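> Below: sequence and its predicted model.
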Amino acid sequence: MDFAKVLNQAQFQAVSTIDKPVLVIAGAGSGKTRVIEYKVLYLIEQGINPENILLLTFTRRAAREMLGRACSHNPRCSQIEGGTFHSFANKILRKFAKNVGLANNFIILDQSDSSEAVGKCAIKLGFNDSKKKFPQKETMAGIISKSLNKGISIQKIMQDEYEYFLETWEEIKNLAQIYQKYKRENNYVDYDDLLLYLRLLLQNLDFRNYLNQKYHYLMVDEFQDTNKLQGDITYLLAKDHQKVMIVGDDAQSIYGFRGANHDNILSFPKQFPDCQIIKLEQNYRSTQKILDLGNTALSNMQKKFEKELKSSSHDHGTKPKLLLFKNAQDEAEWICQKIIQLKEEGVDYYKQAVLFRNAYISIAVQAELSKYNIPFQMFGGMKFYETAHVKDLLSYLKILVNFKDELSWSRVLQLLPKIGPKSADKITDLINQTATLAEALEILQASDYKFELRKLIKVLQEINDHDLSVGETMQAMIAYYKNIIKTKFDDWQLRLSDLESLVIVAENYRSLSSLLADFALEPPQQGVAGFEDGKSDDQKPITLSTIHSAKGLEWEVVFLIGMIEGVLPSKFSLKNSEQLEEEHRLFYVAITRAKKYLFLTMHHVGRNAGIFQFNRLSRFVENSSILRKLEQEYIGQENNFNDFDVMQDLPF
DNA sequence: CCGCGGAGTGTTTTT
DNA sequence: CACTCCGCGG
């Protein structure tokens, strides 16, 4: 392939520099992923085996996009290794669990599991009986996690962000240690541990040599979203061979809340003094009118960015539109009609997207899309696998993988009548003293607990005795759970059909353990796998996504809904200017997803927690430099809004 | 010790 | 609205 022809000069330089570290600083839509895509090809043409190339990034969607595009040119590329940092860590750790003192069937705790575990440890430490007021278990888990990801002490984290609870920092520090111990004893690994253990392994020279044998070339996408821990891992993976390329855009850093630090980009040249820095500024995605808006948003930030995106397209395009509606219903309806209209004009559904700050704001649009029979897929928001019924089912499976799984037993036992936290604790103590599942079940059988528990034991025993496949196991557990789900939820039928659709997913797995790992790290989309494949272009669904999950992706048409003060920027980010800046970058990311048409929308009458409230236009838009780049329109019952103008202050 | 009912609260983004 | 927390009755 003639790389110099298909790439611009800067891109070509990034692709063809393979003997030393490369740092690519790239504006939105400037072909970041394209550089990775072609670099993979280039490396292969240079005789590098695709198995020796490792691609990492932070989010699952970006990972999927990155790997998909990298594979698109040459089937050999599918042998490339890669994914999220977490999934890569999981893969390595399954192989080398013993080296860090774990069994390789370790169970991955998701965020709510880990809060649960932290809560358990807090009770053990007597936080409940203490006179001091402690944060909620979720908050404590968050503090511990942040400390690890940023590499900053708990005391400092609490000084900066949790001052109200500062007097408990020593106890929480102690809690962090107990929690760590608790996980090790129970063969649990949480999201942070995956990275922590990988870094630990990488600090060992022999191990590093071993990995270097396998991975000769490393590329990391969306580097501005990595945190200290991931930065360390990147450094350790590459420091011996120096064959590394990282790609990032500091203006698109939107994961600060998780400890991401865009200074990682700035410190890269210090870690790799030999590195070549390449800037990509030419935008290949959006029309100039859309970029004008993006550039203005950038220049409105406190921390000015030097970037000025320039479109490569000769067509200047149409001005992005700002639309104001009376209520969410009107907004949703108008959007659906526009979607249909655009489709009739030849823009297929899958080329359109609705983006939002939080999933909750998209409910009306979801309902309306269903009404209009427009197929859509949803990304971000409440995760399917974190719904109660799915967690219940997975808990049974976790017990089958590791019968001493205390958290899962506790959950499953409390589904039974007359068993609450205390009884569950007693029973798990009993289980802890046994050596095998069979033995545990035997003891329980003999104990004085009710026949309800016997039923569960019988089911577990049967699955254990017969060598069932993953799919069959799941089916058996669902059959048992059916009786419980009916008493627990009003909408049990819907939930049951959710679970049944999981059986189809489960049939693709060889082992329960790998199924569980995937559910924690790369969970299937809601509904059945294969959703997208085999459909013709005009049947493919439109995308509904949080802005966070939309990063790195692009659509012909983007509807950015909920341009409401308190939504974007989120009301939780108003306290300090750093968080507000991140919201601003989020706005920038959303704008730059659009190629041709961009619609910003909001509605005035909102209902939050059952109470009506009057929404005000987002401060990011209510600003003359931005409004000048927009075409403005009121839609719906204008009568109600004759009295005010957007430019004018609202009466509260 | 469980579980119910009433009161109170708060509601983001991801692995 | 939906979820958690608290106090009381069984």
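Sure, I can see it.

> Would you mind measuring from A:Phe489 to DNA strand B?
Going from A:Phe489 to DNA strand B by Cβ to the nearest atom of the strand, to the nearest Å gives 13 Å. Glycine gets a C-beta too; all of them are placed from N, C-alpha and C.

> Name all residues that make contact with that residue.
Residues in contact with A:Phe489, defined by Cβ atoms under 8 Å, 6 or more residues apart in numbering, are A:Ala388, A:His389, A:Arg495.

> Per-residue pLDDT of the second one, please?
Which is A:His389. In this model, A:His389 is scored at 87, pLDDT.

> Can you give me the buried ones in the helix or strand hosting it?
Assignment of secondary structure by DSSP states H and E places A:His389 within helix A:388-401. Across helix A:388-401, burial judged by 16 or more other Cβ atoms under 10 Å covers A:389-401.

> and what of stretch A:479-487?
Across stretch A:479-487, burial judged by 16+ other Cβ under 10 Å covers A:Tyr480, A:Tyr481, A:Ile484, A:Ile485.

> Who is the nearest residue to A:Gln288 once chain neighbours are set aside paired with across the strands?
Sequence neighbours aside, A:Ser311 is the residue nearest to A:Gln288 in space, at 4.2 Å (criterion: Cβ to Cβ, 6 or more residues apart in numbering). Counting by DSSP bridges, A:Ser311 is bridged to A:Asn283.

> Contacts for stretch A:103-120, please.
Contacts with stretch A:103-120, where a contact means Cβ under 8 Å, 6+ apart, come from A:90, A:93-95, A:97-98, A:137-138, A:140-141, A:144-145, A:175, A:179, A:182-183, A:186-191, A:194, A:385-386, A:391, A:398, A:401-402, A:405-408, A:513, A:516-517, A:520-521.

> how far does that stretch stretch from start to finish?
This stretch, stretch A:103-120, spans 22 Å end to end (Cα to Cα, to the nearest Å).

> what does stretch A:76-87 give?
22 Å.

> Which residue ranges of the stretch 201-350 of chain A form helices?
Counting by DSSP state H, counting those that start in this stretch, the stretch 201-350 of chain A has helices at residues A:205-214, A:228-238, A:263-271, A:288-299, A:328-344.

> Of all these, which one is nearest A:Gly29?
Between A:Gly29 and these, the tightest spacing by Cβ to Cβ is seen for helix A:288-299, at 8.3 Å.

> Give the buried residues for that closest one.
So, applying 16+ other Cβ under 10 Å, buried residues of helix A:288-299: A:Gln288, A:Lys289, A:Ile290, A:Leu291, A:Asp292, A:Leu293, A:Gly294, A:Asn295, A:Thr296, A:Ala297, A:Leu298.

> Neighbours of the residue of the stretch 1-150 of chain A found nearest DNA strand B, how many?
Proximity of the stretch 1-150 of chain A to DNA strand B (Cβ to the nearest atom of the strand) peaks at A:His86, 2.9 Å away. With neighbours defined by other Cβ atoms under 10 Å, the count for A:His86 comes to 22.

> and it, what helix or strand is that in?
According to DSSP H and E, A:His86 maps onto helix A:85-96.

> Contacts made by that helix with the rest, please.
Taking Cβ under 8 Å, 6+ apart as the rule, helix A:85-96 contacts A:54, A:56-58, A:60, A:63, A:81-83, A:100, A:102, A:104, A:106, A:108, A:189, A:191, A:194-195, A:197-198, A:201, A:207, A:211, A:226, A:230, A:233, A:517, A:521-522.

> Which ones among these lie within helices?
Judged by DSSP state H, helices contain the following of the contacts of helix A:85-96: A:60, A:63, A:191, A:194-195, A:197-198, A:201, A:207, A:211, A:230, A:233, A:517, A:521.

> Filter those residues down to the buried ones and hand me the PyMOL line.
Buried members of the ones in helices among the contacts of helix A:85-96, defined by 16+ other Cβ under 10 Å, are picked up in PyMOL with:
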select buried, chain A and resi 60+63+191+194+195+197+198+201+207+211+230+233+517+521
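
> Determine which two of the ones in helices among the contacts of helix A:85-96 are furthest apart.
A:Arg60 and A:Phe207 (26.1 Å).

> Show the average pLDDT along stretch A:262-274.
Here the average pLDDT along stretch A:262-274 is 90.

> Give me the buried positions along that stretch.
A:His262, A:Asn264, A:Ile265, A:Phe268, A:Gln271, A:Phe272.

> likewise stretch A:73-89?
Buried, per 16+ other Cβ under 10 Å, within stretch A:73-89: A:Cys77, A:Ile80, A:Glu81, A:Gly82, A:Gly83, A:Thr84, A:Phe85, A:His86, A:Ser87, A:Phe88, A:Ala89.

> Next one: A:Val412 from A:Lys228, what distance?
37 Å (Cβ to Cβ, to the nearest Å).
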